[in-house]
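Enquirer: Sequence first, then the predicted structure, then my questions.
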Amino acid sequence: MFLSSKSEQQEEAFMAIPLNLKQIVSSEELLMFRPSCNSVRQLQCRFESAGVRSGKEEEMKLSLKALALAAGILWALALLMTGVCNLIWPGYGEAFLKLMASVYPGYHATRSVGDLIVGTLYALIDGAVCGLLFGWLYNRFVAKGGK
């Protein structure tokens, strides 16, 4: 098939690229990436050398360590900030702190700094365990979905 312009040739080369590469870049970005590409095979080789793989899509797995750490820190900060605000303004977050006192043994929500430290440590461990379980379950479902 004879194409009349270089732009039509480039558009045909773009259309021949696998779908997962098209999702990463638009046709304008593709042409700016390596404008000297003359064939689809050269274009695919250059994308592969840049770290973009064509063919089978890879599974997106979560880092269990990072997710556990992030969830633990966020949950501990939530309890800590609520407890600090409760120390400054009595009655603030009282229902939440009493709920956490019913879940965490050793934490009593008595508006003391010691109790707040105990509750924050419990929240850190609780959040980390929940984050780890969530990440593990997510990675299991991703692995089963690809088969």
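Expert: Looks like it arrived, so ask away.

Enquirer: can you give me the helices for the protein?
Expert: Listed in chain order, the helices of the chain (DSSP state H) span 6-15, 19-24, 27-33, 40-49, 64-88, 94-103, 113-145.

Enquirer: Check which residues of the longest one are buried.
Expert: Along helix 113-145, these residues count as buried under the neighbour rule (16 or more other C-beta atoms under 10 Å): 115-116, 118-124, 126-128, 131-132, 135, 139. Every C-beta, even on glycine, is put in place using the N, C-alpha and C of the backbone.

Enquirer: same check, this time on the fifth one
Expert: Buried residues in helix 64-88, counted by 16+ other C-beta under 10 Å: 64, 67-69, 71-72, 75-76, 78-80, 82-83, 86.

Enquirer: For Y107, grab phi and psi.
Expert: phi -100, psi 130 (degrees, to the nearest 10).

Enquirer: Does it touch K98 like I think?
Expert: No: with contact defined as C-beta atoms under 8 Å, Y107 does not count as touching K98 (10.2 Å).

Enquirer: between the two, who's got more neighbours?
Expert: Y107 (23 against 11; other C-beta atoms under 10 Å).

Enquirer: Let me know the pLDDT of that one.
Expert: On pLDDT, Y107 comes in at 94.

Enquirer: One more: the one 3 residues further on?
Expert: Listed pLDDT for T110 reads 92.

Enquirer: Also A101?
Expert: pLDDT, read off for A101, is 96.

Enquirer: From Y138, how far off is V113?
Expert: According to C-beta to C-beta, to the nearest Å, V113 and Y138 sit 37 Å apart.

Enquirer: Please disregard the earlier target; I meant G145.
Expert: Taking C-beta to C-beta, one finds G145 at 11 Å from Y138.

Enquirer: Show the low-confidence segments of this structure, by residue range.
Expert: Flagging of the chain using pLDDT under 70 yields the residue ranges 1-58, 146-147.

Enquirer: per-domain residue ranges of it.
Expert: What automatic domain parsing lists as the domains of the chain is 6-49, 64-145.

Enquirer: neighbours around M60, how many?
Expert: 8.

Enquirer: Contacts only, for it.
Expert: V142 (C-beta atoms under 8 Å, 6 or more residues apart in numbering).
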